[in-house]
Structure formats: C-alpha cells, structure tokens
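# Structural data only, the sequence is not supplied:
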Ligand SMILES: Nc1ncnc2c1ncn2[C@@H]1O[C@H](COP(=O)(O)OP(=O)(O)O)[C@@H](O)[C@H]1O
Ligand SMILES: Cc1ncsc1CCOP(=O)(O)O
Ligand SMILES: [Mg+2]
C-alpha cells in the first residue's frame, strides 16, 4: 500500500466548498462544542436524535457522528445510505455497561471510522487499558499496533487520540504529529476531533485521507491557539475559545503539507 497523499489545505477547501451536513448524536456534555466545531470547519451541524426522524435526517446527511449510548437506528440509516459513519466510543473501558454498548456499536453497525483516545481504543481491542470516567490514563506504547488490530477486526479506519494521534487501517498505521498539551486540558476535544473527522469525511471521497487531513488540521488549530494566534488566554477555559476561533480562522496557508507531519509507523503484513 502506498502512502496516501494528504493535502490538508485542499481538504479544508473541500469542506468549505461542499458544506457537508453532519448529523451528530453526541453526549449532552459536549453537544454545543461539537455543533460549533462542525460549523467552524465549514460543515452544517444538526443534532437530530428523535426516533421519528433520525433515519431520514441521516439519510440526507453527508456524514454521521454516533457517540456512546445513542440510538443505533442512526447508524443503520448511515450504513444503508452510504453515509460515512464515525463512532466515538466515549468512556469504553470504564464500566461493563460502556463495554457492552461499544461492542454493540462496532458490531451492529459498520463504522467507517472509530475515533477514541488511547485507552478507549485499547479497551475495544480487548487489551490492557485504564479509562477513568472518559479520560485515558496510563501508558500505551503499542497503540499503533493496537489500532491496526481494531481496524482489522472492524474494517474501519481507527483514530487513536493522545499526545500523538495515530490513524490506522488494517494494514498500516500513521502518526499525525500535531497538537498541543493544552488540548488535553479541555473536555470535549476528543468529541470535537470525532466530528472533525466526520465533517472532512463528508466532503471527501476517501475516508483514510479525510481522517488524516482532519486530524492534522485539528492539531494545527490546537497549536495556533496555543501560540496565541487567535487571542491570548489565561487558562484552559479561555484556551478553548481560542481553539474554536482557530478552527474557524484556519486558512490553507496555515496548514503544513501532510508529508511534513504524517509518518507511517506500522507496515502490517
Ligand atoms: N498532550 C497532548 N499533546 C498534544 N495533543 C494532545 C495532547 N492531549 C490531547 N491532545 C489532542 O487533543 C485531541 C483530543 O485527544 P484526547 O484528549 O486523547 O481525547 P479525549 O478528549 O477523547 O480523551 C486530539 O487531537 C489530541 O491530539
Ligand atoms: C466528561 C464526559 N462524560 C460523559 S461524555 C463527556 C465528554 C467527553 O468529551 P471528550 O471525549 O472530548 O473528552
Ligand atoms: Mg473522548
């Protein structure tokens, strides 16, 4: 498999040109951040979860984000209509209930992307993990190989977020070297990363390229906000505002070429 060509500037232009409608079923904690992140990238957010309409809304969307514990009808509607489906298994590994719901999500519906933190992806792989609430704690030295294993089992692109994000398919894993520690100090950055991948996937043909470009753009927004390019901040609360302004304000000139920041780290047989 040759490395995908990732041009984040072209990807961002595609999002702004296509304005993908993204239906997100996410948790009540981060729903507003997820909606704004969708809009600021250039997508159109909707959070339809009423069982009377969710299938119709998803069928007319260009992408669907499905968070833990939400109705699976939306996942089936996405699958049935060829709508890219991103599943974020928030907190899997923390309780047996979340383990059961996540297992159902990745087995009953066919996610195009599974987007979780190191601990969540390791839990889905059935490997040692420590997830406290929704936070990944502990060390995950083999996260790239773990992500490949989950991609093989689910046939999905797997995004494992953390200090360095990993994007994996069944036969390769790539490190996306972007981001800033301040992003880990804000609740909602994982959920916003998931909807970023969904938004890019809703505007691009290839899911892996969309996941790589979206993850890279997301990390660059985090760097730009941390550098003060989108306003000074006094702590994590004001950083989050600067981060969202960075998402809205990023232009092609701010984005590096993919090959400057993306490296293949696993070449599975
Ligand atoms: N220490 C860090 N350094 C750089 N980027 C980080 C760091 N921690 C988190 N991020 C970034 O923040 C986003 C959310 O990651 P993470 O905190 O792992 O998700 P979650 O909020 O679901 O636990 C990702 O884009 C990730 O790259
Ligand atoms: C704190 C919390 N509890 C249930 S969902 C949620 C938000 C998780 O957001 P993220 O995964 O982006 O940190
Ligand atoms: Mg998360």
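It's in. Keep in mind the model is a prediction, meaning the values are calculated, not measured. Ligands and ions are numbered 1, 2, ... in the order given.

# which residues of the protein score low on pLDDT?
Across the chain, residues meeting the criterion (pLDDT under 70) sit at 1, 69-74, 269.

# Quick check: the residue nearest to residue 162 when sequence neighbours are not counted vs residue 132, distance?
Closest residue to residue 162 apart from its sequence neighbours, by Cβ to Cβ, 6 or more residues apart in numbering: residue 118 at 4.4 Å. Bear in mind the C-beta positions are built from the backbone N, C-alpha and C, glycine included. As defined by Cβ to Cβ, to the nearest Å, residue 118 lies at a distance of 13 Å from residue 132.

# Compare these two and say which is more crowded by neighbours.
Remark: of residue 118 and residue 132, residue 118 carries more neighbours, 25 against 12, as counted by other Cβ atoms under 10 Å.

# Test my guess that that one contacts residue 164.
No. Applying Cβ atoms under 8 Å, one finds residue 118 not in contact with residue 164, separated by 9.8 Å.

# what number of residues lie near the closest residue to ligand 3 within the chain?
Residue of the chain nearest ligand 3, by Cβ to the ion: residue 190 (2.6 Å). The local packing of residue 190 (other Cβ under 10 Å) involves 23 other residues.

# what sits against it?
Residue 190 is in contact with 88, 90, 115-117, 134, 161, counting by Cβ atoms under 8 Å, 6 or more residues apart in numbering.

# What is the nearest of those to residue 174?
Proximity of these to residue 174 (Cβ to Cβ) peaks at residue 161, which lies at 13.3 Å.

# Next up, the contacts around the closest residue to the closest one other than its chain neighbours.
By the measure of Cβ to Cβ, 6+ apart, the closest residue to residue 161 outside its immediate chain neighbours is residue 117, 5.0 Å from it. Going by Cβ under 8 Å, 6+ apart, residue 117 touches 131, 135-136, 160-162, 190.

# Quick check: residue 136 touching residue 143?
No. Look at residue 136 against residue 143 with Cβ under 8 Å: they stay out of range, at 9.7 Å.

# Which one's more surrounded, those two?
Applying other Cβ under 10 Å to residue 136 and residue 143 shows that residue 143 carries more neighbours, namely 28 against 25.
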